[in-house]
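> Structure for this input, please:
(one chain, ligands or ions: 1)
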Amino acid sequence: MEPLAKESCAACRPNSPRVTAYEIVNLKSQIPDWDFIEKNGIPQLERTYKFPDFKSAIAFTNSVGEAAETEGHHPALLTEWGKVTVTWWTHAISGLHRNDFIMAAKTDAIANQFPT
Ligand SMILES: C[C@H](O)[C@H](O)[C@H]1CNC2=NC(N)=NC(=O)C2=N1
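Modelled structure (predicted):
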């Protein structure tokens with residue numbers, strides 16, 4: 001199967017499917033370092049990446065932003081000195097879509113290009 005990070009996001013509409021519990025088991029195995037969280041009743045994927053300084057943290061943030069613009073799917077990003085917290089969910093369905101797992105995998109691939 002094609003790795004998640006190489007997939008592209010599908011256009012998302014309010015009737016787009018949420019991932020099923022069955023799909024989540026397989027998808028999660030490809031993004032083992034992400035946490036499932038819930039904010040305001042909305043399930044989300046979240047991971048905090050560590051960096052040696054602010055400069056690399058903001059550069060990583062901008063790279064994730066560029067990937068988001070390319071795919072038309074956008075994260076919440078919190079940039080701090082030495083760390084960036086990335087949160088993915090699908091606004092259109094107030095939940096998790098396959099797109100969120102694709103973007104989490106892409107975010108991991110971007111992080112691999114930065115010093116830790
Ligand atoms: C019209 C536009 O593509 C939509 O509003 C997109 C933009 N980026 C998005 N990003 C995320 N994370 N969820 C969405 O539902 C979403 N919708």
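> so where's this protein uncertain?
Regions of the chain meeting the criterion pLDDT under 70 cover residues 1.
> could you pull out the helices for it?
21-29, 54-71, 98-111 (DSSP state H).
> So which of those helices is the most surrounded?
Among those, the stretch with the highest mean neighbour count (mean count of other CB atoms under 10 Å) is helix 98-111, at a mean of 22. C-beta here means a position set from N, CA and C on the backbone, and glycine is covered the same way.
> Contacts made by it with the rest, please.
3-5, 7-10, 12, 19, 23, 27-28, 30-31, 33-34, 44-45, 47, 49, 60, 63-64, 67-68, 71, 73, 75, 86, 88-90 (CB atoms under 8 Å, 6 or more residues apart in numbering).
> rerun at 6 Å
4-5, 7, 9, 19, 27, 30-31, 34, 45, 49, 63-64, 67, 73, 86, 88-90 (CB atoms under 6 Å, 6 or more residues apart in numbering).
> on that earlier part again, now render the helices of the chain as JSON lines, adding distance to residue 38.
As requested, the helices of the chain are arranged in JSON lines below (distance: least, CB to CB, whole Å):
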{"stretch": "helix 21-29", "distance to residue 38": "14"}
{"stretch": "helix 54-71", "distance to residue 38": "22"}
{"stretch": "helix 98-111", "distance to residue 38": "14"}
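> and stretch 90-105, anywhere near the ligand?
Yes - using CB under 6 Å from any ligand atom, stretch 90-105 reaches the ligand at 90-92.
> Distance of residue 89 relative to the ligand?
From residue 89 across to the ligand, the span is 6 Å (CB to the nearest ligand atom, to the nearest Å).
> for residue 57, that is, sorry about that
21 Å.
> List the residues that contact that residue.
Per CB under 6 Å, 6+ apart, neighbours of residue 57: 51, 79, 84.
> Could you list the contact residues of this structure toward the ligand?
12, 72-74, 90-92.
> Please enumerate residues in contact with stretch 18-28?
With CB under 6 Å, 6+ apart as the test, stretch 18-28 has contacts from 93, 95-96, 98, 101.
> again, only this time at 7 Å
For stretch 18-28, contacts defined as CB atoms under 7 Å, 6 or more residues apart in numbering pick out 4, 93, 95-98, 101.
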